[in-house]
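J.: sequence unknown, structure follows:
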């Protein structure tokens, strides 16, 4: 247990005037270690939070492979791949921001945080485009899966859906939007929206905390002594990225 | 389904009944009870040993004066620790094995089983013999292997026959099954043991075990009943298919609209359209209850598995409710 | 790969200068960029592989690549390579329980497949479940499809 | 260490803005409570919430038992009302009472002091945890007022997602928020125990209560998020029709049960493990003996926590779970019984050759051994596959989990509450009424729940509003027991409440405990320790002696110290 070594230092004469040290900690290292461990423990809860959705995904993919194959065709792989790259880049800038904070490079910190923020908005923008496209087509979760495609060409025309811009060919629409046994793809889209939606909420939360950091950075209140906040926000942001790294092949790359 | 006529079921508590158990009315009961008693005696032994030791220590080592100095005694003993780890481990190993054996014999039905289809919905049971004869009481021939193939059309239910020591959940969206061989003639309780809403505790019926001659006669009787007067049959279905849980006959609003004077009445739906109740509408409402919702009611009616003839009978019956 | 860009030692006790923040680890920018490039390459690879039909290995390959990407992000961007062993254990622990949860559940539901499949086979759905109700138009009350509603059971076909 | 029995009444402002005095009086006004960062005050506020919820849930239980006095409906006419009552009883007792009872009330109060720390690692998160608890409680109560809840506390789908007409979404969101409250408590405890231990307090010198809180916290962190996502999925199913658990969409209700029990089985250990920790402290203190088999008890806590994650499937033996998974889960379920048995045997051995005083907390401890014995051994019946087929979802199960969750966890909580009450509030309660309350709870509890075992074996299903005539005798006895239990609970809390009317009269160490919280004043000072704490061996009771002058125990000068301190002595 490595923890024992740090605890055993005791603190007979810790610096009284370090403004970044809370009263109940002995020294800066104890505070830093506690903060880091707290964040890692929090990430554990995040991982298990998502585990439910991954579990549902695994179970249903194994139960209904044809449904997943059929439904995944309606996702836009290119947009998914672009979003992956956007998030990866934001991870790079975030990691860089941590470095800047530790080295007290104020300008660099502001720039990297702003870039991260821009990427986060970019990601959500692309996601918005994808979502609205699906709403429009009726590719909705569960009971709401009205599968506009399934309604036949007349219905599509009536509602101004340009069938020629989408993947399935018109004569096959009736079958294309349903699984072999006549059940809808609603289950897949339930999982799709649950996974990407929850991930999207995490991106939103990420935007909020990065914005907070950015303001602090501009105010010049981030120092080497409290850079652990940037570090922890970074850990969170990387986790959001990690989850997307798995979501992308699971949802978009099914053959 | 209201409470069962209890007097008819008293027999269950006659022969073979004791402090713990009901009659042993199926092939599983005997072995089951043996295993149960084995665990019971084992646990009782350990429990008494622990409590007796506890009381002995409480008396023998009681504090005799205020502020007694802390006595010195052993604080660990690895041999002892290993002993009381290993012995329970071996014991529970045996317990697992007994339980597993019994479980597997209950889960795997013999090939020659007589298959009865069980349909459950809130809060009624429906049993269908291979010949397609339906009943709301489970009739089974004594001494034959019976397999119940069960499905549910709304929520999870669970079929439980205490006298047979069998129970299994009925999960919507899949088939589940139980099997047994009744060994005693008589009438026994059948309960729903998975919570399923308002009348969960009334979702009870009975199992009637007959010898095979009587059983055949019962099937014939049921077949005949189904071809009798439709209004009478409809009235029967009103009770047995669970309509009565939500639809009253006296005009009182239940979970669904009352049937009093329903036929020929004008209805307003939740989308503000109106329609006069006719046979067409009734048929549709029975088969696709959520297609048109009467204003002020939720989409709560379960989708039923009625046959055409049964729907006809119900419509005929509704026409007579004035 | 020692990326300590300033005089701070990776972790451990206070150094001789008495700097109370000496435990902070700083990554070099070269490492960060290199990791990013590797991640982009791996993303391209996984998209490229997905265009080929490789059957049952598809999922395994995709997950394999994702795991490598994950390891890179964790090791370098999240500094887990330089972090305390305890934090590594915390993370690995979560993965262990994740696997247990997912593994046992999948094993169970996989073996229930026959019960579910036979039920689906014998109780097929004729139309997409939502079409009657959530059609935006008010067609539901149009008296145009009387025969359709006469069929026994829209959701549950009689055997 | 000061042995003053009366805390400083005058409050002297300190340069840091903190005033001197004990934590109860150092600051005044409701804001100094509602926004405090002091773990002790947070613990006290949690206690108020838990006790309030306990009586709320208890009222529901008494109404239910009254209804079950006769086979046919009497005071509750409709099945729907009955279903709402039992659901709310369960949901309140589990989410608002038992889960937060020991960790959030006693753990919050005692953990940092026992450890020798000034506070938990993240005091703000600790406060947030309490605020979330209040919000969750308000949401649950709002759900009761705005349509009730009738899904059972288990929220089984598809009943909860498509059928139920009650305010499920509100209740589920309440439980979701409560889940986060629990996660934050757990997170704080794990980090505190890892990072805040002072010199000398190594892992294997920690009091066993801390070990059990540590094991509990691990479960809270790993299991609760899964409940979170499960509840969120219920919300989106109800509001947006996602269909992940809806069989009509191809979803599977059994999957929901896996999700639910992956949290809710370990949650049983969130309830029972801390109680076991409390019992370890009680038995060792009141027997005045070093705990027997320290490391076995410590490891068994962690083992229970880990095995506890592997047994959720035993709630699904009759639910359509496949035989493979069922067999795995049955074996693993039995494996949990071993560490529990080890604990019981070690507690017995601790009493051997002790100097046992049957004061109120010890009465609760003995009561725990008895009730946990029955609760644990009846678990064997339910763990055996074939036996469970008959007993599942009957009153046998109801009785079993009440023996474990109420009989063991809550009795553990009551024992702990009486044990630390003088420390928390600085007052001694009336010993005679304390004992009467403890015995009343024991008698009432057994009268209430033992007959339910028999009813269950006879085949009475649970959650039944009306029942067959043959079950009537058991139900009648059970109802009588419930009322004894209710009256006894009232006695317990009236007795505790009355003690608060007195001025401080509790000595620092009334029972002779050797853990650190007994070395500070009662109630403890604002920052837990007025000076750097000396770290004592938590189980060296020989170093603790009775001082007839102050009617209190104290450590012999320089004896029983741990670690660095030892060389000084």
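T.: In hand now; what should we look at? Remember, predicted model here, so these are calculated numbers, not experimental data.
J.: what about stretch D:325-337 and chain C, touching?
T.: Yes. Applying CB under 8 Å from any CB of the partner chain, one finds stretch D:325-337 touching chain C at D:325, D:328. All C-beta atoms are positioned from the backbone trio N, CA, C, and that covers glycine.
J.: swap in stretch D:226-244?
T.: Yes. Applying CB under 8 Å from any CB, one finds stretch D:226-244 touching chain C at residue D:226.
J.: is that stretch anywhere near chain B?
T.: No. Stretch D:226-244 lies apart from chain B when judged by CB under 8 Å from any CB; the minimum separation is 11.2 Å.
J.: domain ranges for chain C?
T.: C:1-83, C:84-127 (automatic domain parsing).
J.: Can you add distance to residue D:311, mean neighbour count and mean pLDDT and give those back as CSV?
T.: Shown next, in CSV, are those (distance: least, CB to CB, whole Å; neighbours: other CB atoms under 10 Å in any protein chain shown; pLDDT from 0 to 100):
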stretch, distance to residue D:311, mean neighbour count, mean pLDDT
domain C:1-83, 28, 16, 77
domain C:84-127, 10, 17, 85
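J.: Now distance to residue A:61 too, for these, in CSV please.
T.: CSV is the format used below for the domains of chain C (distance: least, CB to CB, whole Å):
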stretch, distance to residue A:61
domain C:1-83, 8
domain C:84-127, 9
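J.: Just want the phi and psi numbers for residue B:148.
T.: phi -100, psi 120 (degrees, to the nearest 10).
J.: now residue D:550
T.: Main-chain dihedrals, residue D:550, degrees, to the nearest 10: phi -90, psi 0.
J.: what ranges do the strands span in the chain?
T.: In the absence of a named chain, this looks at chain A. With strands called from DSSP state E, chain A shows none.
J.: I was after chain D.
T.: D:544-547, D:552-555.
J.: can you check chain C too?
T.: Assigned by DSSP E, chain C shows no strands.
J.: what's the most buried one of the strands of chain D?
T.: Across the strands of chain D, averaging neighbours per residue (mean count of other CB atoms under 10 Å in any protein chain shown) puts strand D:552-555 on top, at a mean of 21.
J.: looking at this, residue B:155 is in a strand?
T.: No. Counting by DSSP: H, G, I helix; E, B strand; the rest coil, residue B:155 falls outside a strand, being coil.
J.: Just confirm it contacts residue D:159, I think it does.
T.: Yes. Contact between residue B:155 and residue D:159 holds when scored by CB atoms under 8 Å: they sit 4.4 Å apart.
J.: Need the residues touching each of those two.
T.: Common contacts of residue B:155 and residue D:159, defined by CB atoms under 8 Å, 6 or more residues apart in numbering or on different chains, comprise B:196-197.
J.: Between the two, which is the more surrounded one?
T.: Set residue B:155 next to residue D:159 and count neighbours by other CB atoms under 10 Å in any protein chain shown: residue B:155 wins out with 28 against 24.
J.: The more buried one: what's it in contact with?
T.: Here residue B:155 is in contact with B:122, B:172, B:196-197, D:156, D:158-159, D:162-163 (CB under 8 Å, 6+ apart).
J.: ok, back up a step: any idea which of the strands of chain D gets closest to chain A?
T.: Across those, the minimum distance to chain A, taken as CB to the nearest CB, is reached by strand D:552-555, at 20.3 Å.
J.: Need phi/psi at residue A:220.
T.: phi 70, psi 30.
J.: Give me the pLDDT value at it.
T.: Residue A:220 carries a pLDDT value of 87.
J.: next one: residue A:54
T.: Predicted confidence (pLDDT) for residue A:54: 94.
J.: Is residue D:51 in contact with residue D:490, as I believe?
T.: No. Here residue D:51 does not reach residue D:490: they are 11.4 Å apart, not a contact under CB under 8 Å.
J.: And the two? Which one has more around it.
T.: residue D:51 (19 against 14).
J.: pull the longest helix from the chain.
T.: With no chain named, the answer covers chain A. helix A:28-63 (DSSP state H).
J.: you looked at the wrong chain, it should be chain D
T.: Assigned via DSSP H, chain D shows its longest helix as helix D:253-287.
J.: okay, the angle between it and helix A:28-63?
T.: Helix D:253-287 runs at 140 degrees relative to helix A:28-63, counting by axes from the mean of the first three to the mean of the last three CA atoms, to 10 degrees.
J.: Pull out the buried positions in helix D:253-287.
T.: For helix D:253-287, the neighbour count (16 or more other CB atoms under 10 Å in any protein chain shown) marks D:253-287 as buried.
J.: Equivalent analysis for stretch D:78-91, please.
T.: Those would be D:79-91, for stretch D:78-91 by 16+ other CB under 10 Å.
J.: ranges for the helices of chain B?
T.: Under DSSP H, chain B gives helices at B:29-60, B:78-107, B:212-226, B:230-240, B:279-287, B:308-320.
J.: For residue A:234, which of those helices is the nearest?
T.: Minimum separation from residue A:234 across the helices of chain B (CB to CB) falls at helix B:78-107, 45.9 Å.
J.: what does the average pLDDT come to for that closest one?
T.: Mean predicted confidence for helix B:78-107 is 90.
J.: does chain B sit close to stretch D:388-399?
T.: Yes. Using CB under 8 Å from any CB, stretch D:388-399 reaches chain B at D:388-390, D:392-394.
J.: contacting residues around that stretch?
T.: Residues contacting stretch D:388-399 (CB under 8 Å, 6+ apart): B:32, B:36, B:99, B:102-103, B:106, B:158, B:160, B:162, B:165-168, B:193-194, D:314, D:317-318, D:378, D:381-382, D:449-450, D:452-453, D:455-457, D:459-462, D:474.
J.: who's in contact with the closest residue to chain B within the stretch 1-150 of chain D?
T.: Nearest to chain B, among the residues of the stretch 1-150 of chain D, is residue D:79, at 4.2 Å (CB to the nearest CB). Contacts of residue D:79 were listed using CB under 8 Å, 6+ apart, and they are B:197-202, D:465.
J.: Leaving out sequence neighbours, find the closest residue to it.
T.: residue B:198 (4.2 Å; CB to CB, 6 or more residues apart in numbering or on different chains).
J.: All set, thanks.
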